[in-house]
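Novice: coords below, sequence missing:
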């Protein structure tokens with residue numbers, strides 16, 4: 001009789017993307033990857049924090065003109081449930097067709113952090129959690145620009 005299968009973090013990265021227009025994205029390093037297009041057809045009234053698009057996902061921050069801390073983790077399987085310390089938790093799936101590598105990008109397309117190798121093409125699941133959104137909105141409303149780390153994100157990826 002075998003015990004429960006344990007899952008572990010295979011790779012982890014941290015980045016501080018410069019946010020303009022409220023968004024940043026996780027993009028596969030392959031032709032045709034255009035995750036930011038997922039938000040183009042979404043109603044301005046719809047509340048969302050993560051949307052899957054071709055070759056990745058787009059994320060919507062609590063405010064603009066700041067630099068949130070974003071931790072990306074690649075897991076060997078579905079990670080354990082998160083504790084209640086997060087303001088938002090959402091999950092999506094996306095596909096990588098030719099490459100198994102992704103990178104955070106700022107809304108203008110510039111890379112934000114190191115490449116993360118997921119091991120090959122396939123379907124990936126993504127859990128995106130954020131906190132500090134209201135505090136970031138307050139700092140921005142008070143006139144602060146491009147402050148660092150008030151809003152935090154945890155992106156957990158696994159095959160599936």
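Specialist: Arrived safely. As the structure is a prediction and not an experimental result, all values here were calculated from the model.
Novice: pLDDT weak spots in the chain?
Specialist: Residues of the chain meeting the criterion pLDDT under 70: 1-4, 41-46.
Novice: count the residues that sit near residue 83.
Specialist: Using other C-beta atoms under 10 Å, residue 83 has 7 neighbouring residues. The C-beta positions use only the backbone N, C-alpha and C, and glycine is treated the same way.
Novice: gap between it and residue 107?
Specialist: For residue 83, the distance to residue 107 equals 29 Å [C-beta to C-beta, to the nearest Å].
Novice: likewise for residue 57?
Specialist: According to C-beta to C-beta, residue 57 and residue 107 sit 13 Å apart.
Novice: these two: which is more packed in?
Specialist: Neighbour count, other C-beta under 10 Å: between residue 57 and residue 107, residue 57 has more, with 26 against 20.
Novice: please enumerate the strands of the protein.
Specialist: Along the chain, counting by DSSP state E, strands occupy 9-15, 23-28, 50-53, 56-60, 67-75, 88-96, 101-106, 116-117, 122-131, 148-159.
Novice: quick one: residues in contact with the first one.
Specialist: So the one you mean is strand 9-15. 69-76, 79, 104, 112-114, 116-117 (C-beta atoms under 8 Å, 6 or more residues apart in numbering).
Novice: among those, which one has the most neighbours?
Specialist: Going by other C-beta under 10 Å, residue 104 tops the contacts of strand 9-15 with 26 neighbours.
Novice: so that residue sits against residue 71, correct?
Specialist: No. Using C-beta atoms under 8 Å, residue 104 makes no contact with residue 71, being 10.5 Å away.
Novice: common neighbours of residue 57 and residue 107, please.
Specialist: residue 25.
Novice: spatially central residue in the chain, please.
Specialist: residue 155 (4.9 Å; C-alpha atoms, centre = their mean).
Novice: show me the beta-bridge partners of the closest residue to it other than its chain neighbours.
Specialist: Distance criterion C-beta to C-beta, 6 or more residues apart in numbering; nearest residue to residue 155, sequence neighbours excluded, is residue 72 at 4.6 Å. Beta bridges link residue 72 to residue 13, residue 155 when assigned by DSSP bridges.
Novice: ok, residue 72 touching residue 157?
Specialist: Yes. Using C-beta under 8 Å, residue 72 is in contact with residue 157, at 7.0 Å.
Novice: find residues that contact each of the two.
Specialist: Joint contacts of residue 72 and residue 157 (C-beta under 8 Å, 6+ apart) are residue 116.
Novice: nothing else from me, thank you.
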